[in-house]
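**Q** give the three-dimensional model of this entry:
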Amino acid sequence: MKERGAKQHFSIQVLQVLDASLIWLSFAMASWVHGPLRSLLGMSELEAGGLAGMTWVVFIVVPLTPLVLERFGHYDRLLSRRGVDNLSILLRGMLTVMLIIGIVTVFGKIWDTRRLVLGSGIFLSFLLLWLRSHFTSRILRARAASEGLLERVVLAGGLQETEDFLKELDADVLEAWKVVAHFDLNSKTVEDLDGLIKRESVQRVVFLTGHTEFDRVARAVEACEVQGVEAWIRASFLRTQVARPSFDAIGGQPMLVFRSTPELSWQLFAKKLVDIFGALTAVILFSPFWIAAMIGIRLASPGAPVFYTQERAGLYGKPFRIYKFRTMIPDADKMLDRIKEEHGNEVDGPAFKLASDPRIFPFGQFLRNYSIDELPQMINVLKGEMSLVGPRPLPLHEIEAIEKSSHRRRLSMKPGITCIWQISGRSDITDFDEWVKLDLEYIDRWSLWEDFRILFKTIPAVLFSKGAR
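**A** Numbering: from 1, shown residues only. Prediction:
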């Protein structure tokens, strides 16, 4: 919610115009230092100066960035928002703008963009916007404190609950509040709260109601609603280890939602775009490897299909057919039980791995060493069944053999071609619990940057056959 004090002094429109001006100034500064930067980096001088070749970028970035930042809530809660939250919003907003510029550049085939100016301009924009936001918050807090414009808040809860809440609360939030009363909802009535709201001109009531009856809380919230006062309820009565709480609605009915997977956001949308463009690029770029693999398989194992397909567990365990270049002799799947009996399993758990699997023919081993056999999975990515980065999909029979329910949480995210397991040694990891632990760590800390980090580290892992079998 936007603080009323903030709205009295700074309108969103004024801040957006100011931010747009700062962005234009950033690109102007980037163009001014363009020449000296090229000289410093040992690059040749360019004849054209100024913002030549960058006009289209400026026309997009200047009006677009404030709108994107508004979408991410950059102009909300100016008084109480923490500095780290502000930094996160700015970073996500600038990354979104960069993604849009990249898409326009590729589809518009605009290759004369000054990359040094673009990079410097984006960096300076981020820096100036952060400085503007930081000083705006400080000015607002100072003015609110001096003019009595701090948000008037009532903390409704027991003494211990209130003390614990204040200890855990960030100082940035407390600086924007004036706590006018501590209200014990267990010993006082809703009518008492109604009178307190009127007397103290309360703007927000925060309910810390871990041990209060729901009916009493509901009537207290109604009392706030009648007077147009915000009611915030601390949901600490529900304890979760991984899931993150959020609010949503189903058919107009309010719902408290606990999610243990990444919430739908611009980053997941960007991940989908990266999957599509990445898979298309990989198919085109590595097409010679496709041809070489198909010819090599035909020569090394004649009379059998070039491609291998198998039912794998996708998102939430939904089956899909995965595509790979065949690296084993025909009818290898039918020999699995006998191979397990004769050679055992090098993985502790339902997954099966064997260093010297006799079913793999020599050229197939070469394809595996450099992950060329995985290239057809780009088709699965384009079909939306897989992602470039995500937990590796297991065969259905291995999923059915999973004993721990907690291990199935790895199915809560779309499977991928590469993952943390891939860059951490792949088949060198023989403990299934450790494998799952890596997948769950990826899910819990997922971000677009994490995907880029894994993709970047996958390259040397593939080139040097790290853990490949």
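
**Q** buried residues, stretch 310-329. List them.
**A** By neighbour count on 16 or more other CB atoms under 10 Å, the buried set for stretch 310-329 is 312, 313, 314, 315, 320, 322, 323, 324, 325, 326, 327, 328. C-beta: built from backbone N, CA, C; applies to glycine.

**Q** one more: stretch 282-295?
**A** Neighbour count says stretch 282-295 has 282, 283, 290, 293 buried, by 16+ other CB under 10 Å.

**Q** residues contacting the third one?
**A** What it means is residue 290. Residues in contact with residue 290 (CB atoms under 8 Å, 6 or more residues apart in numbering) are 283, 375, 376.

**Q** cutoff 10 Å now
**A** The contact partners of residue 290, by CB atoms under 10 Å, 6 or more residues apart in numbering, come to 283, 306, 325, 372, 375, 376, 378.

**Q** which among those residues end up buried?
**A** 283, 325, 372, 375, 376, 378.

**Q** could I get these as a markdown table with pLDDT and secondary structure?
**A** Conversion of the buried ones among the contacts of residue 290 to a markdown table gives the following (pLDDT from 0 to 100; DSSP: H, G, I helix; E, B strand; the rest coil):
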| residue | pLDDT | secondary structure |
| --- | --- | --- |
| 283 | 94 | helix |
| 325 | 95 | strand |
| 372 | 93 | helix |
| 375 | 95 | coil |
| 376 | 96 | coil |
| 378 | 96 | helix |
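
**Q** following the helix or strand bottoming out on mean pLDDT in the chain, which helix or strand comes up?
**A** Using mean pLDDT, DSSP states H and E, the weakest-scoring helix or strand in the chain turns out to be helix 4-9, at a mean of 41. Downstream of helix 4-9, the next assigned helix or strand under DSSP states H and E is helix 12-32.

**Q** how far is that following helix from where the chain is centred?
**A** Taking the mean of its C-alpha atoms, helix 12-32 sits 27 Å from the chain's own mean (CA atoms, centre = their mean, to the nearest Å).

**Q** now do residue 228: how many residues are near it, please.
**A** 8 (other CB atoms under 10 Å).

**Q** that one - that's part of a strand, no?
**A** No. Assessed with DSSP: H, G, I helix; E, B strand; the rest coil, residue 228 is coil; it does not lie in a strand.

**Q** show me what contacts it?
**A** Applying CB under 10 Å, 6+ apart, the residues near residue 228 are 197, 203.

**Q** not counting sequence-adjacent ones, nearest residue to residue 86?
**A** Using CB to CB, 6 or more residues apart in numbering and skipping residues adjacent in sequence, the residue nearest residue 86 is residue 133, 5.5 Å away.

**Q** same deal with residue 415?
**A** Per CB to CB, 6+ apart, closest to residue 415 is residue 393, 3.7 Å.

**Q** kindly report the same for residue 390.
**A** With CB to CB, 6+ apart, the residue lying closest to residue 390 is residue 416, at 2.7 Å.

**Q** now residue 377
**A** residue 417 (5.1 Å).

**Q** about what we covered before: tell me which element the residue nearest to residue 86 falls in.
**A** helix 115-146.

**Q** which positions within stretch 271-284 qualify as buried?
**A** For stretch 271-284, using 16+ other CB under 10 Å, the buried residues are 271, 274, 275, 278, 279, 282, 283.

**Q** nope, stretch 180-197 is what I was after
**A** Those would be 180, 181, 182, 183, 185, 190, 193, 194, 196, 197, for stretch 180-197 by 16+ other CB under 10 Å.

**Q** I'd say the fifth one and residue 220 touch.
**A** If I follow you right, that is residue 185. Yes. Using CB atoms under 10 Å, residue 185 is in contact with residue 220, at 6.1 Å.

**Q** list residues touching both of these two?
**A** 156, 192, 193, 205, 207, 209, 212.

**Q** take those and lay them out in JSON lines including secondary structure, distance to residue 163 and pLDDT.
**A** Formatted as JSON lines, these follow (DSSP: H, G, I helix; E, B strand; the rest coil; distance: CB to CB, whole Å; pLDDT from 0 to 100):
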{"residue": "156", "secondary structure": "strand", "distance to residue 163": "14", "pLDDT": "89"}
{"residue": "192", "secondary structure": "helix", "distance to residue 163": "21", "pLDDT": "91"}
{"residue": "193", "secondary structure": "helix", "distance to residue 163": "20", "pLDDT": "90"}
{"residue": "205", "secondary structure": "strand", "distance to residue 163": "18", "pLDDT": "89"}
{"residue": "207", "secondary structure": "strand", "distance to residue 163": "16", "pLDDT": "87"}
{"residue": "209", "secondary structure": "coil", "distance to residue 163": "15", "pLDDT": "73"}
{"residue": "212", "secondary structure": "coil", "distance to residue 163": "16", "pLDDT": "65"}
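
**Q** how about the residues you listed, which pair is most distant?
**A** 192 and 209 (15.4 Å; CB to CB).

**Q** which one is residue 304 nearest to, not counting chain neighbours?
**A** Closest to residue 304 by CB to CB, 6+ apart is residue 330, at 4.4 Å.

**Q** and for residue 17?
**A** residue 66 (8.0 Å).

**Q** next, count neighbours for that neighbour.
**A** 23.
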